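S.K.: sequence-free structure coming up:
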């Protein structure tokens with residue numbers, strides 16, 4: 001009885017802070033936040049959606065005083081369940097704080113840097129920076145689905161852009177619970193905002209600071225070494241991966257183990273001119289040679305270089321056609337709305353028994369079959385000719401450098417290339433982007449005759465020659481469906497598998513991870529460990545230092561869910 005009264009009192013206090021309409025307690029209203037975009041779910045006491053930074057602080061004070069677990073969440077677009085509960089075996093109640101109402105972005109240093117508050121999105125940042133001739137760290141993928149700026153930093157998100165590496169900053173404003181259980185505000189934003197937490201948070205929320213209060217300390221607002229690291233083609237280590245201690249600092253890589261109010265990050269100049277080259281070959285060694293030549297001899301690094309296997313090409317063409325058409329016709333600004341609609345339809349189908357599971361996918365797949373072929377003729381010709389496809393985008397001076405190289409290279413090597421028209425460029429990049437979704441769509445449509453699914457995010461050593469996976473027969477025979485795509489210059493590969501019915505997917509996963517260990521690979525490469533991967537010792541240590549009482553996001557990286565890490 002007393003426990004129930006305490007819960008009711010806690011919920012009422014949360015409502016007093018954030019308002020009744022922004023404190024969700026009904027299961028129907030909580031599920032879009034307590035269930036991961038692709039992975040993980042669990043029970044929560046409440047979902048709170050504060051509208052101001054000071055409200056986050058007051059909610060945190062309340063949760064800490066009541067010994068409640070806090071899950072910080074922004075867009076909930078993660079692929080590994082890192083911002084939702086995972087199961088119902090926690091030792092305390094859980095409150096989710098969703099920050100998406102707090103979406104302010106401030107330009108500083110003439111747009112060379114920005115300050116993004118807790119729920120600000122990459123999509124809004126991209127729009128804000130465009131008139132200034134600048135762009136954010138990520139401009140495809142995470143931008144399109146409404147992912148947050150803070151989420152990218154907290155997860156060391158990699159992105160597809162070759163020159164920039166993982167999202168990273170040493171400049172942030174965040175709250176943590178110290179070893180004595182006391183909530184602290186840490187201001188490493190480099191701005192003099194006052195002395196006590198309420199003053200600091202209100203001044204930042206209201207943009208109540210002037211240029212003289214902005215300092216430029218000897219701290220980084222982006223990864224300044226990656227463009228050098230990615231060129232080290234003979235190195236035995238991967239270029240980028242989630243547990244890289246070089247990039248674990250404060251908010252960066254924190255994975256929800258602190259409450260981040262704001263981050264300060266660099267922006268990048270928009271290239272004057274871009275050109276997409278579309279490459280094809282039937283021999284993986286051809287792409288290995290091109291990769292080494294470009295990274296070691298080119299003056300200009302590519303903007304991006306995304307790989308797509310023929311099977312993945314076909315899968316995206318058939319099972320991601322609807323997403324392609326929606327983005328092409330309505331623009332990426334419609335995607336967050338689309339994902340919200342999909343979630344609501346799927347929740348409805350769960351409540352009405354005679355409707356099939358994941359009704360939205362089934363409807364969209366059917367509608368897509370009514371539309372004509374959406375891919376350019378030259379891409380389709382390359383699909384028939386070549387097993388391996390590589391989309392390479394160069395900018396400014398790098399365009400002529402690449403053009404001359406490809407013309408000479410393919411005179412004596414197997415394969416070919418063509419320069420995309422602007423229309424072909426958009427379609428090629430969009431086709432690669434939507435390919436990731438085709439995997440889950442296929443599994444949804446045919447789940448009754450399939451086994452489990454595995455989505456692996458692997459960072460291969462920079463000197464790896466055998467980048468295209470050849471599974472041993474005893475493992476390959478257990479697979480029903482395989483999709484390979486990735487960022488080839490970075491040697492980050494996304495390897496998705498659906499196993500045959502009756503196969504133990506978890507046991508198979510461990511076998512696959514052992515094969516990656518033998519090859520010197522790291523994982524995950526650019527996704528957060530979430531609840532899919534074990535946090536390696538260095539990452540586990542970082543989490544415990546940030547959150548010694550295990551108040552924030554317990555269980556992340558398959559660590560302890562218990563208070564004080566017991």
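M.R.: Thanks, I have it. In this text, all values refer to a predicted model and were calculated from it rather than measured experimentally.
S.K.: quick one: the lowest-mean-pLDDT helix or strand in the chain to chain centroid distance?
M.R.: When each helix and strand of the chain is scored by mean pLDDT, DSSP states H and E, helix 335-351 comes last, with a mean of 73. Taking Cα atoms, centre = their mean, to the nearest Å, one finds the center of helix 335-351 at 20 Å from the center of the full chain.
S.K.: by contact count, what packs against the helix or strand following that helix?
M.R.: Counting by DSSP states H and E, the next helix or strand C-terminal to helix 335-351 is helix 359-368. Other elements packing on helix 359-368 under the criterion 3 or more Cβ pairs under 8 Å, 6 or more residues apart in numbering; DSSP states H and E are helix 321-330, helix 335-351, helix 422-445. Any C-beta I mention is one placed from the backbone N, CA and C, and that applies to glycine too.
S.K.: Give me the buried positions along helix 359-368.
M.R.: 359, 360, 361, 362, 364, 365, 368 (16 or more other Cβ atoms under 10 Å).
S.K.: which residues touch the helix or strand following that helix?
M.R.: Counting by DSSP H and E, the next helix or strand C-terminal to helix 359-368 is helix 377-385. Residues outside helix 377-385 that contact it (Cβ atoms under 8 Å, 6 or more residues apart in numbering): 278, 280, 310, 313-314, 373, 389, 416, 418, 424, 427-428, 431.
S.K.: by how many degrees do the helix or strand that helix 377-385 is followed by and helix 377-385 diverge?
M.R.: Reading on from helix 377-385 to the C-terminus, the next helix or strand found by DSSP H and E is strand 388-395. With axes from the mean of the first three to the mean of the last three Cα atoms, to 10 degrees applied, the angle from strand 388-395 to helix 377-385 works out at 140 degrees.
S.K.: Parallel or antiparallel, which strands does strand 388-395 pair with?
M.R.: Strand partners for strand 388-395, identified by DSSP bridges, are recorded as strand 274-281 (antiparallel), strand 304-309 (antiparallel).
S.K.: Off-centre distance for it?
M.R.: That offset, for strand 388-395, works out to 21 Å (Cα atoms, centre = their mean).
S.K.: and the buried residues of helix 359-368 as TSV, adding pLDDT and distance to residue 377?
M.R.: Shown next, in TSV, are the buried residues of helix 359-368 (pLDDT from 0 to 100; distance: Cβ to Cβ, whole Å):
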residue	pLDDT	distance to residue 377
359	84	35
360	86	31
361	86	29
362	90	30
364	90	25
365	93	24
368	93	20
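S.K.: Out of these, which is nearest to residue 289?
M.R.: residue 368 (37.5 Å; Cβ to Cβ).
S.K.: Any regions of this protein where pLDDT drops low?
M.R.: 1, 140-146, 159, 332-336, 339, 354 (pLDDT under 70).
S.K.: give me that answer again for 50
M.R.: Judged by pLDDT under 50, the chain has its weakly predicted residues at 142-144.
S.K.: Distance-wise, check residue 433 relative to residue 243.
M.R.: 26 Å (Cβ to Cβ, to the nearest Å).
S.K.: Do I have it right that residue 560 meets residue 554?
M.R.: Yes - between residue 560 and residue 554 there is a contact under Cβ atoms under 8 Å: 6.7 Å.
S.K.: the more surrounded of those two?
M.R.: residue 554 (26 against 14; other Cβ atoms under 10 Å).
S.K.: quick revisit: next, give me the two most distant ones among the buried residues of helix 359-368.
M.R.: The farthest-apart pair in these, when distances are taken by Cβ to Cβ, is 359 and 368, at 14.9 Å.
S.K.: residues making contact with stretch 130-139?
M.R.: Against stretch 130-139 from outside (Cβ under 8 Å, 6+ apart): 107, 110-112, 114, 122, 125-126, 129, 143, 147, 149, 152, 157, 159-161, 164, 167, 222, 265-270.
S.K.: So among those residues, which ones count as buried?
M.R.: 107, 114, 122, 125-126, 129, 143, 147, 149, 152, 157, 159-161, 164, 167, 222, 265-268.
S.K.: Break down the stretch 1-150 of the chain into its strands, ranges please.
M.R.: 23-24, 46-48, 69-73, 94-98, 105-108, 113-117, 134-135 (DSSP state E, counting those that start in this stretch).
S.K.: contacting residues for the closest residue to residue 489 other than its chain neighbours?
M.R.: Closest residue to residue 489 apart from its sequence neighbours, by Cβ to Cβ, 6 or more residues apart in numbering: residue 305 at 4.3 Å. By Cβ under 8 Å, 6+ apart, the contact set of residue 305 is 162, 291, 390, 391, 392, 393, 487, 488, 489.
S.K.: before we move on, the earlier item: among the contacts of stretch 130-139, name the ones in helices.
M.R.: Among the contacts of stretch 130-139, DSSP state H puts 122, 125, 126, 129, 149, 152 in helices.
S.K.: Which two of those have the greatest separation?
M.R.: So, the ones in helices among the contacts of stretch 130-139 by Cβ to Cβ: farthest apart are 129 and 152, at 14.9 Å.
S.K.: Quick check: phi and psi on the residue nearest to residue 177 when sequence neighbours are not counted?
M.R.: Spatial nearest neighbour of residue 177, chain neighbours left out: residue 551 (4.6 Å); criterion: Cβ to Cβ, 6+ apart. As for residue 551, its main-chain torsions (degrees, to the nearest 10) stand at phi -80, psi -40.
S.K.: OK, contacts around the closest residue to residue 58 other than its chain neighbours?
M.R.: Among residues not flanking residue 58 along the chain, residue 17 sits closest, at 4.9 Å (Cβ to Cβ, 6+ apart). Counting by Cβ under 8 Å, 6+ apart, residue 17 touches 48, 50, 55, 58, 59, 62.
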